[in-house]
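>>> Have a look; sequence and predicted model below, questions after that.
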Amino acid sequence: MPRQIWLGLASLALGACATAKPAWVSLERSWWIMDTRLDLRIQGDDRAAVLAASEAVLEAVRQADRRLSAWEPQSALSLLNSAPAGHEITVPAGLSRDIEGARACWRATRRGFDPVAGASAEAIHRGGPISASFPDLVLTGSSAYTKRHAGANLDSGGFGKGQALEDAAAAIEHANNAAAIRAVTVDFGGQVFWWRPAPKTGPDRRLMGRETFAAVAVASPASRDQRVLEISLRDYVPQESGASGRQFSIATSAGSERGRHIIDPGTGEPVPMRFVSVTVLAESPLWADCLSTGLYVLYARDPELAFRTAAARRVDMVAVETGPKRIRAIVTAGLKGRVTSLMPELRIFIPPMRLDSGIPP
């Protein structure tokens with residue numbers, strides 16, 4: 001089966017107006033790419049600009065897939081992973097940027113996120129320990145790497161979608177007639193990304209306030225079909241220093257997600273939190289993606305450490321825990337007043353508070 005499938009042009013709607021020129025255009029398209037469904041919605045003033053932006057998003061994600069695919073033996077990532085230990089290999093500049101971006105997240109999460117350890121986690125199924133970590137993939141030149149031993153391979157599963165969305169955001173900025181684009185929403189296998197242009201004079205609200213920036217629901221870790229809370233995104237600006245509010249992304253990590261266990265790089269064992277999820281809101285899609293995994297691992301080790309790490313990075317975070325008798329959500333202060341319970345038994349907390357490890361009774 002081909003790995004990139006066009007699922008169809010869902011809709012192309014024109015805003016109602018009295019003149020021949022439409023007030024706005026809304027386009028929805030879907031693809032299956034990176035083994036994940038990508039749903040795209042773009043709104044703008046010009047049909048050609050909206051179509052060009054959609055093609056730019058698709059091409060950016062395709063390029064990321066070509067670099068980061070673990071399934072294609074000739075992808076840049078596969079060629080790096082197949083290199084023998086001690087042998088220097090030069091990779092494309094794009095892949096080097098991806099690797100060093102992931103390395104920055106590895107540092108920020110106190111090694112809770114480690115895509116090298118994730119790649120070597122197959123050793124668990126053979127009864128062996130984690131054989132490598134990020135320091136075993138050494139940057140030896142501007143785009144050159146050397147593996148300290150053969151197990152120092154990279155798994156893009158924890159950051160690939162985020163990097164693809166990061167590239168898509170840049171592609172939108174440089175698309176033909178980008179000034180005509182008013183709002184972009186991408187749902188990439190559950191990671192959601194929003195983008196809007198810089199207003200020339202004050203906030204442009206012609207298309208804002210519709211579904212695009214209204215709210216997002218967080219599902220129960222025990223059942224994806226059960227929504228437990230809703231986060232209002234109207235006028236939301238990420239806490240990160242220098243954040244413009246023009247774009248942000250939401251990513252969630254949960255136990256036994258899609259049948260795959262999240263591995264703690266420190267132990268080489270699956271994280272023992274089947275009924276816990278961690279959701280991260282960040283301006284950067286890459287950081288939202290990798291932090292959701294890294295903070296999930298840290299939360300299992302020490303919930304307070306996870307929230308301190310989120311505060312140090314200045315991102316917002318929601319941890320949802322489900323137990324046999326009650327359910328609770330712990331949210332960062334940046335989301336105060338934005339979180340609404342969708343379940344009467346849900347209790348919502350905002351640190352500072354003592355966060356005991358484990359599931360609430």
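Thanks, I have the structure now. Numbering: from 1, shown residues only.

>>> drop to CA atoms for contacts and neighbour counts, all remaining ones
Will do.

>>> Where does the prediction get shaky in this protein?
The model of the chain has pLDDT under 70 over residues 1-23, 119-130, 199-213, 240-245, 255-260, 353-361.

>>> so what's the residue positioned nearest the centre of it up against?
Here the mean C-alpha position of the chain is nearest to the C-alpha of Asp289 (CA atoms, centre = their mean), at a distance of 2.8 Å. Neighbour list for Asp289: Gly158, Phe159, Lys161, Gly162, Gln191, Ile250, Ala251, Thr252, Val280 [criterion: CA atoms under 8 Å, 6 or more residues apart in numbering].

>>> Dump these into TSV; add secondary structure and neighbour count as well.
Formatted as TSV, the contacts of Asp289 follow (DSSP: H, G, I helix; E, B strand; the rest coil; neighbours: other CA atoms under 10 Å):
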residue	secondary structure	neighbour count
Gly158	helix	22
Phe159	coil	26
Lys161	helix	27
Gly162	helix	27
Gln191	strand	21
Ile250	strand	25
Ala251	strand	27
Thr252	strand	26
Val280	strand	28
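
>>> Ala93: neighbour count?
If you count neighbours by other CA atoms under 10 Å, Ala93 ends up with 12.

>>> now swap in Ser341 and tell me
Neighbour count of Ser341, defined by other CA under 10 Å: 18.

>>> What residue, apart from its backbone neighbours, is nearest it spatially?
The shortest distance from Ser341 to any residue other than its chain neighbours is 4.5 Å, reached at Leu229 (CA to CA, 6 or more residues apart in numbering).

>>> State the three-state secondary structure for the residue nearest to the centre of the chain.
helix (DSSP: H, G, I helix; E, B strand; the rest coil).

>>> next one: Arg62
Secondary structure state of Arg62, per three-state DSSP, is helix.

>>> Ok, the one 5 residues further on next?
When classified by three-state DSSP, Arg67 comes out as helix.

>>> residue contacts, Gln239?
With contacts defined as CA under 8 Å, 6+ apart, Gln239 is in contact with Ala282, Arg314, Val315, Asp316, Gly334.

>>> quick one: which of the residues you listed is most hemmed in?
The most crowded member of these, judged by other CA under 10 Å, is Ala282 (27 neighbours).

>>> my guess is the residue nearest to Ser341 meets Pro344, correct?
No - using CA atoms under 8 Å as the test, Leu229 is too far from Pro344 to be in contact (10.3 Å).

>>> Looking at those two, which one has more neighbours?
Per other CA under 10 Å, whichever of Leu229 and Pro344 has more neighbours is Leu229, with 20 against 8.

>>> who does the more buried one bridge with?
Counting by DSSP bridges, Leu229 forms beta bridges with Val218, Ser341.

>>> who touches it in this structure?
For Leu229, counting by CA under 8 Å, 6+ apart, the contacting residues are Ala217, Val218, Ala219, Val339, Thr340, Ser341, Leu342, Met343.

>>> and those as a markdown table, adding distance to Gly323?
Converted to a markdown table, those look like this (distance: CA to CA, whole Å):
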| residue | distance to Gly323 |
| --- | --- |
| Ala217 | 20 |
| Val218 | 17 |
| Ala219 | 15 |
| Val339 | 20 |
| Thr340 | 20 |
| Ser341 | 16 |
| Leu342 | 17 |
| Met343 | 14 |
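
>>> Many thanks, have a good one.
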